[in-house]
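Trainee: Mind folding the following:
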Amino acid sequence: RSGGEDEPFSTLNYALSRCAKQYTTILLEDGEYMLESTPEVLADGRFYDLVIRSRSGNRDAVVLDGQGKVRCLALKSATRTTVADMTFRNGYLEPVDSTSCYDNAGAGILTHNSSATITNCVIKNCHVNAKDSQSWGGGIHMENQSALLVDSIVENCSVSNHYVKTVRSSLGGGLCLWGCTARNSIVRNCTMWSDRSDAASPLVSGGGGVYARTDSVIVDCRILDNLADNGNKTVASYQGSGGGVFLNESVISNSLVSGNVAAAMGGGLLLTGGFKVYGCTISGNTVVADYTAGYLGSGGGIYAQDCSASVSKTLENCLIADNTNLTTTAAAPMGGGLMCDGVNTLTVRDCAFVGNRAITGGALALAKRNGTQLTTKLAFTNCLFKANFSEKQGGALEIQSIEDVSFRDCWFLENENHVNYGALAHVASSYNREIGLGFRNCLFRKNKSQGGNTLFDVEAGSYNYPVAMEYCTFVSNRADLALLYPGTAKS
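Mentor: Numbering: from 1, shown residues only. Prediction:
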C-alpha cells in the first residue's frame, strides 16, 4: 500500500513508520481504531511539521481506543506537531517501577520534548495506575517545548498511585502541564488518587483536574467536578490537594473552577510558589478532610501556601463564592473562600468573596505555615466580603500569626458567625506589635453574631496586636460588643 487516498494504510502505527518525517499530514477516515500498541512519534528528533487529524474534521467520528491496555498516542521529541479533530478513549498505563518522568504519564496523550498542538480533541476514560513511581496526567501529560492544548475536552480520566516502598508524586488527574498552555478547554469529572501506607514526611500530591507548573498557562478554561483524594485517611499528609487545579509557579485567567473536591486542602485551587490568578470564578468547591493535624481541611475555594517574597503573587478581579470547608474532624479547618498559609507578599485586588462557609474564617483565613513562616505583607484593595459564614469564629476573617496585612476600600456586608467570637473577624496572635492589621476607608454593614458576642475579637495575650482603623464606617451591625473583646485597639 502506498498510503495514498486509493491505498490507505491500515493502522496509524504503520503510517507513522512509513511516512516522511517532515511536512507530512496523516488523515484518518471516520471509524474506531482499536489499538494493540501505542502509536508513537519516536524520540529521534527527526519528526517536524507533522499533522495527524481526522479527514472529516468531526472529532466524534474518529476514535483511537486504547482498550484499557495501552496509551493512545505518544509524541516524543517531535517539533511542530499538530493533532486535531479526534477522540482518544480508554487509554491505560500499567504500573511501571520507574523514575522516568513519562513512563507513567499521559494515558491518553503524552507529549515529551515536543512542541505539539492538540486542538479540537476529546480525551476520555483514560487512566494511569502506578505503584511506587511517578504518576502524572491521567488524560494528558504535556512537558517541555511549549506544548499547547486548545478547544478540547478532558473528562473522566484519573491518575492513581499506591505507595509502599518510596514516596513519589501523583499529579493531575485529567491534565498535567509542565511549562505548557491550555486554552479554551474543559477538564471535568477527573480524579487524582494517592495512598501512602506509612507515616513518612508529608507529600504534596494533587490537582484532581489539572496540575500546572513552571510557567504554564491556563486561560479561558472550565475545570469542573474533579476530585483530589487520599486513600489513606489515617495518615496526616498533603496528598489530595487542589481538587480542581494545583498551580505551581504558573498562571490561570478567565477560567471557571467549580464543583471540585479535595481531601486535604484547596477544594478549588492549591497555589504555591509564584502564581497569578486573573478574572476567574472559583465557586462551589469543597474540602472534606477528616485529618486531625495541621491546617489540613482548609481553603474550601483556594489554599495558598509556602510562597516567598521573591516571587510575584496576584489574585485579581476574581469571584470566590459558595465554597465550603465545614469538616469538623480536621484539627483547624479555616478559610471557606481563601486560606493563606505561610504566604509572603500577596496582592488581592477587585475580588468578591461571597457566600463562603467554614468552621473559622468564613471568607478568609491567614495563618503561619507549620509554626515557622509567617503570613505577611498582604494587601487587599477594593474587595467585597459579603454573606460569608463561620460555624465558630471569624464570620469574614480569621487572623492567626501574621503581620503587615491591610484592607483598603473594602466592603464587609452581612457576614455572620454562629458561636464564639468575631462576627467580622477573630484575631488570635501577632509577631510584630508595630505592624499589624489595618483597615482604611472600609464599610462594615449588617454583620452579626448569632451567639451575641463580638464584632471584632482580639484574644487576650495576643502579643499586643495592633488593629488600626482609619476612615471606616459601621452601620447596623449586631453584636454585644461593637469593637474588641478582650484585647485592645490602636486607632
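
Trainee: Which strand residues bridge the residue nearest the centre of the chain?
Mentor: With distances taken as Cα atoms, centre = their mean, the residue of the chain nearest its centroid is Val245 (2.1 Å). Beta-bridge pairing of Val245 under DSSP bridges involves Val210, Leu269.

Trainee: residues in contact with it?
Mentor: Residues in contact with Val245 (Cβ atoms under 8 Å, 6 or more residues apart in numbering) are Gly207, Gly209, Val210, Tyr211, Ala212, Ile218, Ile223, Ile252, Val257, Gly268, Leu269, Leu270. (C-beta placed from N, C-alpha, C; glycine too.)

Trainee: among the residues you listed, who's most crowded?
Mentor: Among those, Gly207 has the most neighbours (other Cβ atoms under 10 Å), with 38 neighbours.

Trainee: Could you report the neighbour count for the residue nearest to it when sequence neighbours are not counted?
Mentor: In space, Gly207 comes closest to Phe246 once its chain neighbours are excluded; the distance is 3.4 Å by Cβ to Cβ, 6 or more residues apart in numbering. Neighbourhood size, Phe246 [other Cβ under 10 Å]: 30.

Trainee: likewise the one 5 residues further on?
Mentor: Other residues lying near Val251 total 18 when counted by other Cβ under 10 Å.

Trainee: Next: the one 4 residues further on.
Mentor: Other residues near Ser255 come to 27 when the count uses other Cβ under 10 Å.

Trainee: From what I see, it and Ile218 are in contact.
Mentor: Yes - assessed by Cβ atoms under 8 Å, Ser255 is found in contact with Ile218 at 5.9 Å.

Trainee: hmm, back to that, quick one: the contacts of Val245 as CSV, columns for distance to Lys76 and pLDDT too.
Mentor: Output for these, formatted as CSV (distance: Cβ to Cβ, whole Å; pLDDT from 0 to 100):
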residue, distance to Lys76, pLDDT
Gly207, 23, 90
Gly209, 25, 93
Val210, 22, 94
Tyr211, 20, 92
Ala212, 21, 91
Ile218, 24, 94
Ile223, 27, 95
Ile252, 28, 95
Val257, 31, 97
Gly268, 33, 96
Leu269, 31, 96
Leu270, 29, 93
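
Trainee: nearest to Phe389, of these?
Mentor: Gly268 (17.8 Å; Cβ to Cβ).

Trainee: which residue sits closest to that closest one, ignoring its sequence neighbours?
Mentor: Asn285 (3.5 Å).

Trainee: and the one you found, how many neighbours?
Mentor: If you count neighbours by other Cβ under 10 Å, Asn285 ends up with 34.

Trainee: go on, the one 3 residues further on?
Mentor: Other residues near Val288 come to 21 when the count uses other Cβ under 10 Å.

Trainee: List the residues that contact it.
Mentor: Counting by Cβ under 8 Å, 6+ apart, Val288 has contacts Val261, Ala262, Ala263, Gly297, Thr327.

Trainee: pretty sure the second one is touching Asn230, no?
Mentor: No - here Ala262 does not reach Asn230: they are 9.1 Å apart, not a contact under Cβ under 8 Å.

Trainee: of the two, who's got more company?
Mentor: Ala262 (37 against 28).

Trainee: show me what contacts the closest residue in space to the more buried one that isn't next to it in sequence?
Mentor: Nearest non-adjacent residue to Ala262, counting by Cβ to Cβ, 6+ apart: Gly243, 3.7 Å away. By Cβ under 8 Å, 6+ apart, Gly243 lies in contact with 206, 208-209, 226-228, 260-262, 266-268, 285-287.

Trainee: same thing with Gly66?
Mentor: If you count contacts by Cβ under 8 Å, 6+ apart, then Gly66 has Leu35, Thr38, Cys72, Phe88, Arg89, Asn90, Gly91, Tyr92, Ala107, Gly108, Cys126 around it.

Trainee: The closest residue to it other than its chain neighbours: neighbour count?
Mentor: Spatial nearest neighbour of Gly66, chain neighbours left out: Gly91 (3.8 Å); criterion: Cβ to Cβ, 6+ apart. Gly91: 32 surrounding residues under other Cβ under 10 Å.

Trainee: Just after the host helix or strand of Phe439, pick out the following helix or strand.
Mentor: Counting by DSSP states H and E, the element that carries Phe439 is strand 437-440. Counting by DSSP H and E, the next helix or strand C-terminal to strand 437-440 is strand 443-445.

Trainee: what pLDDT, on average, does the helix or strand that that following strand is followed by get?
Mentor: Next along the chain after strand 443-445, taking DSSP H and E as the criterion, comes strand 448-449. Averaging pLDDT along strand 448-449 gives 80.

Trainee: what's the answer for stretch 476-484, then?
Mentor: On average, stretch 476-484 scores 62.

Trainee: next one: stretch 67-83
Mentor: On average, stretch 67-83 scores 91.

Trainee: how far does it stretch from start to finish?
Mentor: End-to-end distance of stretch 67-83 (Cα to Cα, to the nearest Å): 20 Å.

Trainee: Pull out the buried residues from it.
Mentor: Residues of stretch 67-83 classed as buried: 69-83 (neighbour count, 16 or more other Cβ atoms under 10 Å).

Trainee: Out of the contacts of Gly66, which two sit at the greatest distance?
Mentor: Farthest pair in the contacts of Gly66, by Cβ to Cβ: Thr38 and Arg89, 13.7 Å.

Trainee: Now list whatever residues contact both of these two.
Mentor: Jointly contacting Thr38 and Arg89 under the rule Cβ under 8 Å, 6+ apart are Gly66, Cys72.

Trainee: rewinding a little: the residue nearest to Ala262 belongs to a helix?
Mentor: No - per DSSP: H, G, I helix; E, B strand; the rest coil, Gly243 lies outside any helix segment and is coil.

Trainee: Can you pull the phi/psi pair for Leu12?
Mentor: Leu12 adopts backbone torsions of phi -70, psi -40, taken as degrees, to the nearest 10.

Trainee: I'd guessed it sits against Ile52; true?
Mentor: Yes - using Cβ under 8 Å, Leu12 is in contact with Ile52, at 7.4 Å.

Trainee: When the two are compared, which one has more neighbours?
Mentor: Neighbours around Leu12 and Ile52, counted as other Cβ under 10 Å, are more numerous at Ile52. The numbers are 26 against 19.

Trainee: Please enumerate residues in contact with the helix or strand where that one lies?
Mentor: Taking DSSP H and E as the criterion, Ile52 maps to strand 48-54. For strand 48-54, contacts defined as Cβ under 8 Å, 6+ apart pick out 12, 19, 21-28, 30, 41, 61-62, 73, 78-86.

Trainee: Low-confidence bits of the stretch 101-250 of the chain, can you list those?
Mentor: 101, 131-133, 145, 162-168, 194-204, 231-238 (pLDDT under 70).

Trainee: Sheet partners, orientation included, of the longest strand belonging to the chain?
Mentor: When the chain is parsed with DSSP state E, its longest strand is strand 338-349. If you go by DSSP bridges, strand 338-349 pairs up with strand 302-307 (parallel), strand 313-316 (parallel), strand 364-367 (parallel), strand 375-381 (parallel).
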